[in-house]
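Colleague: Next comes the sequence, and after it the predicted model I'd like to discuss.
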Amino acid sequence: MARSDHKPRLGVWKFASCDGCQLTLLDCEDELLQVAGAVDIAYFPEATRGSVRGTYDLSLVEGSITTLHDAERIQDVRRRSRTLVTIGACATAGGIQALRNFADIDDFMAAVYAHPEYIETLSTSTPIADHVPVDFELRGCPISKQQLLEVVSAYLCGRRPVTPAHSVCLDCKLRGNVCVMVAHGTPCLGPMTHSGCNALCPSYNRGCYGCYGPKENPNAPALSERLDQLGMGRAERLRFYRTFNAWAGPFREESERHEP
Amino acid sequence: MSRKTIKVDYLARVEGEGALNVTIRNGQVSKAELRIFEPPRFFEAFLRGRDYAEAPDVTARICGICPVAYQMSAVHAMENALGIEVEGQLRALRRLLYCGEWIESHALHIYMLHAPDFLGYAGAVDMARDHPDIVKRGLSLKKAGNAIMSLLGGREIHPINVRVGGFYRTPTRKELEPLAETLKQAREDALATVRWTAGLYMPEAERDYHLVALHHPDEYAMNTGRIISNRGLDIAVEDYNRHFVESHVLRSTALHSHLREHDCYLVGPLARYSLNYDQLSYLAREAAKEAGLGVTCTNPFQSIVVRSVEVVYACDEALRIIDEYQEPERPFETAEPKASEGGGCTEAPRGLLFHRYRLDENGGILEAQIVPPTAQNQPSIEADLKDLVGGWLDLPADTLRERCEQTIRNYDPCISCATHFLKLDVRHE
């Protein structure tokens, strides 16, 4: 990509989300103008006026699929994109709105809207990879600024991004944190959670709550047993696994094991 | 009868997805409807059955631009329900965190989303080619707001350090001190921002608004106070639902809000400024005066200047809090959960944000109600367009369309919040 004469075309796309992950790009205050110099920002409605035309060398996709219209739109985005990277828990795992997947959508609609008949929605919130092939998934609720810059520069240089796959626990050790679970008995999802935040919550005296989703091959039953020993009840454990990455495999399975 | 249609498929530089339909009949605007098609995410539904302590982190995810606002309204509502009082330095730290979000969110809107309208650019990146120093100043200001958020909140987007009763960890004086240097520079940048925005071309547009904002006797209200208006409303936050009503209309996945007695109203910087002007800091008032603003402001295009004045204030206020800071004895207050109900209202960068929760005896959420500022402003945005577009019909089609977009961006609309925005369709019949 970098070797061609034209600047790579960047597209930033939004589906069901809070806009926070695409804001992460604008939050790179020191690097934004440099990034903007290296790519042609061809579509980024949160930041600039411009229309969907042609193809994109790199597409960053935020948000999950919750409507039929969006299920069709993502196919179009995929067709136009040479490389498609999903950013954030909504795009990679369905987001907090995937809590509907465990419930009856009609109950949800009745709880919020006086006229459910005005609302067009799917009964599920699903990650982008359930709908189209995805080249790379960047996790987090929200994503990390450094990891986003790593992804963009990696694709500009034509290499795979390097994002560590270990658990939050290792980051805590690297930071020299005292383990909040061992030392204070604070429930912590760190042992199961993918690295990315630099062990933020334990550094602020609280347990990890799983923003970066499950790491590969976590030992969920062992964590549940420990949480049980700490006095965390079954219903509470179910909620613990069921937040911003509720629909991601290991979190989903472990929460389902806790269903009454 | 002549008939023409102007179309924009998706309103840019707003947070979320929406569209606008304006119908013009015999040179008169007969209809102006804002359509919001941001997919609903059902927060109020899935909050049911969650624990009261989860509300600040869950509701933060309604909006990545103003997560602190959601966290603040959520904790105040829960504390109101459970009878927790948060005073002294903990209260001051919350105000400091909110200052960070005001600076960050306002700087984002002023420089990256709104200013390009005034200067005829597609976005801030294009603007940076001709005005690099201006855009850099905006980014630097934004970064200062984010510095407060990361230090006190742990990170800029979806901070992790806010809890019902206070914080998980409070900073030491030594940790806060370096922020002061950053903020002194930010205050200079904010003053330069006021002078710069005051020099932008402002369309003439005086509107007769019903302005609604939080008011506190001792300070420019952010977290607590009574809800007041320029037409005599003066109510306690708990009485919100007796005076305001939400309705669901076909064209929007965000509920519309109205005052029972007065119909549409305006929340946000213009309302705060006009109702609480006397409580701005000396520097902020002087900057406003120098910019040619009166003690009230009802030209929606001047909201960009008013936001800049509020950034001056937020820098000043943050510096005051840091200067007077003493580490609190404990980072948070607690109370036993009980069957209860509570409401909380705070000033999000875009205006009044109301939360109400009903809890069971274990602190489980039975019912949640969230009324974001953009939902409250939807009828007012439509009223602005209905009132103002008629005077612009002589403008060339493209200019007219851009002016309509700008009218909507005056509100810094956050559609992700409101649905919890914009295709433009101007129809001449």
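Modeller: Looks like it came in fine.

Colleague: contacts, neighbours, all on C-alpha from now
Modeller: OK.

Colleague: and the stretch 151-260 of chain A, which residues reach chain B?
Modeller: Residues of the stretch 151-260 of chain A lying close to chain B by C-alpha under 8 Å from any C-alpha of the partner chain are A:Leu200, A:Cys201, A:Tyr204, A:Asn205, A:Arg206, A:Arg239, A:Thr243.

Colleague: my read: the fifth one touches B:Arg163, true?
Modeller: It refers to A:Arg206. No: using C-alpha atoms under 8 Å, A:Arg206 is not in contact with B:Arg163, being 10.3 Å away.

Colleague: how about the strands in chain B?
Modeller: Assigned strands in chain B, in chain order: B:5-8, B:18-25, B:28-36, B:162-163, B:166-167, B:212-215, B:226-229, B:234-235, B:244-247, B:256-259, B:340-348, B:351-359, B:365-371, B:424-428 (criterion: DSSP state E).

Colleague: which residue is nearest the middle of the chain?
Modeller: As the question left the chain open, I've gone with chain A. Against the mean C-alpha coordinate of chain A, by C-alpha atoms, centre = their mean, the closest residue is A:Ala89 at 1.8 Å.

Colleague: not quite, I wanted chain B
Modeller: B:Arg350 (1.4 Å).

Colleague: these two touch, right, the residue nearest to the centre of chain A and A:Pro214?
Modeller: No: A:Ala89 lies out of contact with A:Pro214 (C-alpha under 8 Å); the separation is 10.8 Å.

Colleague: list the residues that contact both of those two?
Modeller: A:Asn245 (C-alpha atoms under 8 Å, 6 or more residues apart in numbering or on different chains).

Colleague: got TSV for the strands of chain B, with distance to A:Arg73 too?
Modeller: Converted to TSV, those look like this (distance: least, C-alpha to C-alpha, whole Å):
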stretch	distance to A:Arg73
strand B:5-8	18
strand B:18-25	16
strand B:28-36	17
strand B:162-163	37
strand B:166-167	41
strand B:212-215	39
strand B:226-229	42
strand B:234-235	46
strand B:244-247	30
strand B:256-259	28
strand B:340-348	32
strand B:351-359	32
strand B:365-371	29
strand B:424-428	20
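
Colleague: Which residue ranges make up the domains of the chain?
Modeller: You didn't say which chain, so I picked chain A. A:9-157, A:168-257 (automatic domain parsing).

Colleague: my question was about chain B
Modeller: Domain ranges of chain B: B:5-37+B:392-428, B:43-377, per automatic domain parsing.

Colleague: Just list the residues touching A:Gly95, thanks.
Modeller: Counting by C-alpha under 8 Å, 6+ apart, A:Gly95 has contacts A:Ser17, A:Gly63, A:Ser64, A:Ala89, A:Ser125, A:Pro127, A:Thr243, A:Phe244, A:Asn245, A:Ala246, A:Trp247.

Colleague: meant to ask about B:Leu366, not that
Modeller: B:Arg48, B:Gly49, B:Tyr357, B:Arg358, B:Leu359, B:Asp360.

Colleague: and the closest residue to A:Thr66 other than its chain neighbours, what pLDDT?
Modeller: Spatial nearest neighbour of A:Thr66, chain neighbours left out: A:Ser125 (4.8 Å); criterion: C-alpha to C-alpha, 6 or more residues apart in numbering or on different chains. We have a pLDDT of 97 for A:Ser125.

Colleague: A:Ser125 is in contact with A:Leu68, isn't it?
Modeller: No: in this structure, A:Ser125 is not within contact of A:Leu68 by C-alpha under 8 Å, at 11.0 Å.

Colleague: And stretch B:104-122, end to end?
Modeller: Using C-alpha to C-alpha, to the nearest Å, the end-to-end distance of stretch B:104-122 comes to 21 Å.

Colleague: Now for the residue in chain A positioned nearest to chain B, how many residues are close by?
Modeller: Going by C-alpha to the nearest C-alpha, chain B is nearest to A:Gly20 of chain A, at 3.7 Å. Per other C-alpha atoms under 10 Å in any protein chain shown, the neighbour tally for A:Gly20 reads 28.

Colleague: I'd guessed it sits against B:Ile62; true?
Modeller: No: using C-alpha under 8 Å, A:Gly20 is not in contact with B:Ile62; the gap is 9.4 Å.

Colleague: still on that earlier bit, turn the residues of the stretch 151-260 of chain A next to chain B into CSV, including distance to B:Ala287 and pLDDT.
Modeller: Rendered in CSV, the data for those read as follows (distance: C-alpha to C-alpha, whole Å; pLDDT from 0 to 100):
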residue, distance to B:Ala287, pLDDT
A:Leu200, 39, 98
A:Cys201, 40, 98
A:Tyr204, 38, 97
A:Asn205, 41, 96
A:Arg206, 42, 97
A:Arg239, 49, 97
A:Thr243, 45, 97
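
Colleague: For whichever residue of the stretch 1-150 of chain B sits closest to chain A, what are phi and psi?
Modeller: Nearest residue of the stretch 1-150 of chain B to chain A: B:Gly64, at 3.7 Å (C-alpha to the nearest C-alpha). Main-chain torsions, B:Gly64, degrees, to the nearest 10: phi -70, psi -20.

Colleague: List the residues that contact the closest residue to it other than its chain neighbours.
Modeller: Leaving aside its sequence neighbours, B:Gly64 sits nearest to A:Gly20 (C-alpha to C-alpha, 6+ apart; 3.7 Å). By C-alpha under 8 Å, 6+ apart, the residues touching A:Gly20 are A:Pro142, B:Cys63, B:Gly64, B:Ile65, B:Ile157.

Colleague: do B:Val309 as well
Modeller: B:Ala190, B:Leu191, B:Val194, B:Ala284, B:Arg285, B:Ala287, B:Ala288.

Colleague: Out of these, which two sit at the greatest distance?
Modeller: Pairwise distances across those peak at 12.9 Å for B:Ala190 and B:Arg285 (criterion: C-alpha to C-alpha).

Colleague: If we only consider the contacts of A:Gly20, which is nearest to B:Phe301?
Modeller: B:Ile65 (21.4 Å).

Colleague: just checking, the closest one touches A:Cys21?
Modeller: No: assessed by C-alpha under 8 Å, B:Ile65 is found out of contact with A:Cys21, at 9.8 Å.

Colleague: Good, wrapping up.
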